[in-house]
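[1] I would like the atomic coordinates for the input below:
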Amino acid sequence: MAKVHVGQVPYIVSVMHSLKHPSSSVNGVLLGKAGKTSDGVVEANISEAVPLLHSHLSLAPALDGAFALLEEYCKARSLGILGYYQANSHHLHNDLTPTGKRIADKIAEGVREGHKWVPLVCMVVDSEALDKLADMKAQNSFKPDMSGHTGVKLLVKAPGSWAPAEGVEIEGAREGVAQNTLCDEIAFAHHLDIVDFDDHLNDTSKGWLQPILVELGKEGDFSKCQEQYP
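    Predicted structure coming up:
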């Protein structure tokens, strides 16, 4: 089983993207690096989330354009795509939709074509759980172990499907640090600063590939691994 580390920044950016467009479905990609040792141990580190769309998630021309630019961005940063995230427009529909699954499957197919061992993650924002998290923050009632209260569902690519994640953890989630930071960012209305590819198409002066949050030194060092991705 692969071990996947999700940084606080991609977690926070994914959720904030959904909160900027609460009545729309949104999606984006998760970026990072992965390595496989000579004895088969696989680890991956997701360090960035890049917001894509908040209108028509399946709009092929927009997705094609976004991924073309994203490919150049990844090459310049020595990063690879490690997953997909989505939030749905219907408040109580918190599962990966058929459209989302098709996009996530296409991403996984592209990555696995050259690196079959790379773990792929799908993060689905759970709006109902997110509301409960906000209540816990307001009531100062965080628990000693907050790993089950992140407001997102994590899935991993399994043969033929996306299954509940094992071996995937969000940095600082167990202690509630990631959730507390998320709530603080929302309180300061920083979610309104999120810029996705849709925004960029409407106004090219908006920096779509300029992350508003950055975790320095969090991309992971897999230089000693027998196999590396990207």
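[2] What segments of the protein are strands?
    Ranges of strands within the chain are 3-6, 26-36, 42-53, 80-87, 121-125, 152-158, 161-164, 168-170, 227-229, based on DSSP state E.
[3] now the angle from the fourth one to strand 42-53?
    Read that as strand 80-87. 50 degrees (axes from the mean of the first three to the mean of the last three C-alpha atoms, to 10 degrees).
[4] With just CA atoms, put strand 80-87 into CSV.
    The C-alpha coordinates for strand 80-87 follow below in CSV (Å, rounded to 0.1, in the frame of the first residue of the first chain):
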residue,chain,number,x,y,z
GLY,A,80,3.4,15.8,-11.8
ILE,A,81,-0.4,15.4,-11.6
LEU,A,82,-1.2,13.1,-8.6
GLY,A,83,-5.0,13.5,-8.5
TYR,A,84,-8.2,15.4,-8.9
TYR,A,85,-10.6,17.3,-6.7
GLN,A,86,-14.2,18.2,-7.0
ALA,A,87,-17.1,19.9,-5.1
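[5] Now do that strand: distance to the chain's middle.
    5 Å (C-alpha atoms, centre = their mean, to the nearest Å).
[6] now the angle from it to strand 152-158?
    Using the same axes, to 10 degrees: strand 80-87 against strand 152-158 is 130 degrees.
[7] Now strand 80-87: average pLDDT?
    Mean pLDDT, strand 80-87: 97.
[8] Who are the packing partners of it?
    helix 8-20, strand 26-36, strand 42-53, helix 60-77, helix 98-112, strand 121-125 (3 or more C-beta pairs under 8 Å, 6 or more residues apart in numbering; DSSP states H and E). (C-beta placed from N, C-alpha, C; glycine too.)
[9] List the neighbouring strands of the second one plus their orientation.
    Under the criterion DSSP bridges, strand 26-36 sits next to strand 42-53 (antiparallel), strand 80-87 (antiparallel), strand 227-229 (antiparallel) in its sheet.
[10] The last one now?
    Partner strands for strand 121-125, per DSSP bridges, with pairing direction: strand 80-87 (parallel), strand 152-158 (antiparallel).
[11] hey, C-alpha coordinates of that strand in PDB?
    C-alpha atoms of strand 121-125 as PDB (Å, rounded to 0.1, in the frame of the first residue of the first chain):
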ATOM      1  CA  VAL A 121      -5.900  10.500  -5.200                       C
ATOM      2  CA  CYS A 122      -9.400  12.000  -5.600                       C
ATOM      3  CA  MET A 123     -10.600  14.600  -3.100                       C
ATOM      4  CA  VAL A 124     -14.300  15.300  -2.900                       C
ATOM      5  CA  VAL A 125     -15.500  18.200  -0.800                       C
END
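[12] Centre of the chain to that strand, how far?
    Distance, centroid of strand 121-125 to centroid of chain: 6 Å (C-alpha atoms, centre = their mean).
[13] What lies in contact with it?
    4, 6, 10-11, 14-15, 18, 30, 44, 46, 82-88, 94-96, 100, 104, 151-157, 162, 165, 168 (C-beta atoms under 8 Å, 6 or more residues apart in numbering).
[14] Show me the one of the helices and strands packed on strand 80-87 that comes nearest residue 146.
    helix 8-20 (12.5 Å; C-beta to C-beta).
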